[in-house]
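S.K.: Show me how the following folds:
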Amino acid sequence: MSLIFSNKTRDWKHVLETQKKSGISSHRWCHQNHVPYTTFMYWKRRFTQTATLSRESFTELLAPTSKSGIQLECNGVRVLLDKDFDSSTLMKCLQTLKRTPC
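M.R.: Presented below is the predicted three-dimensional model:
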């Protein structure tokens, strides 16, 4: 029984490597190769190590000093706005951020 499992495990590792090297999405690769997508994803999850969360995985966000302002954050970029912020400056900032993936 363990020999069969060992072969099956090895075969699925090969399938996953082949899909990854193909450069196409998992869903499309499964469709083209007549592999059930749900089965593929089961094996992919099985071999993927889950990331262990540690204290370093989190960023501490401090409360803004002004209770009447707002705080925006994207990709580690933090924008603090006072209650009397300049809306044209905010629009320029948002347009710049929109051009970069968040």
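S.K.: Now Glu73: which helix or strand?
M.R.: strand 70-74 (DSSP states H and E).
S.K.: Send me that strand as CSV with only the CA atoms.
M.R.: The C-alpha trace of strand 70-74 is given here as CSV (Å, rounded to 0.1, in the frame of the first residue of the first chain):
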residue,chain,number,x,y,z
ILE,A,70,-7.8,59.5,8.1
GLN,A,71,-5.1,57.1,7.3
LEU,A,72,-4.6,55.1,4.1
GLU,A,73,-2.1,52.3,3.5
CYS,A,74,-1.1,50.4,0.4
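S.K.: Which residue ranges make up the domains of the chain?
M.R.: 2-47, 58-98 (automatic domain parsing).
S.K.: Quick one: mean pLDDT for the last one?
M.R.: This means domain 58-98. Domain 58-98 shows a mean pLDDT of 74.
S.K.: so how far is that domain off the chain centroid?
M.R.: 23 Å (Cα atoms, centre = their mean, to the nearest Å).
S.K.: can you check the first one too?
M.R.: For domain 2-47, the gap between its own C-alpha mean and the chain's C-alpha mean amounts to 20 Å (Cα atoms, centre = their mean).
S.K.: What is the longest helix belonging to the chain packed up against?
M.R.: When the chain is parsed with DSSP state H, its longest helix is helix 2-22. Secondary-structure packing of helix 2-22 (3 or more Cβ pairs under 8 Å, 6 or more residues apart in numbering; DSSP states H and E): helix 26-32, helix 37-47. Quick note: C-beta positions are derived from backbone N, CA and C, even for glycine.
S.K.: now what about the first one, what contacts it?
M.R.: Going back to what we said before, that points to helix 26-32. 19, 22, 24, 35-37, 40-41, 44 (Cβ atoms under 8 Å, 6 or more residues apart in numbering).
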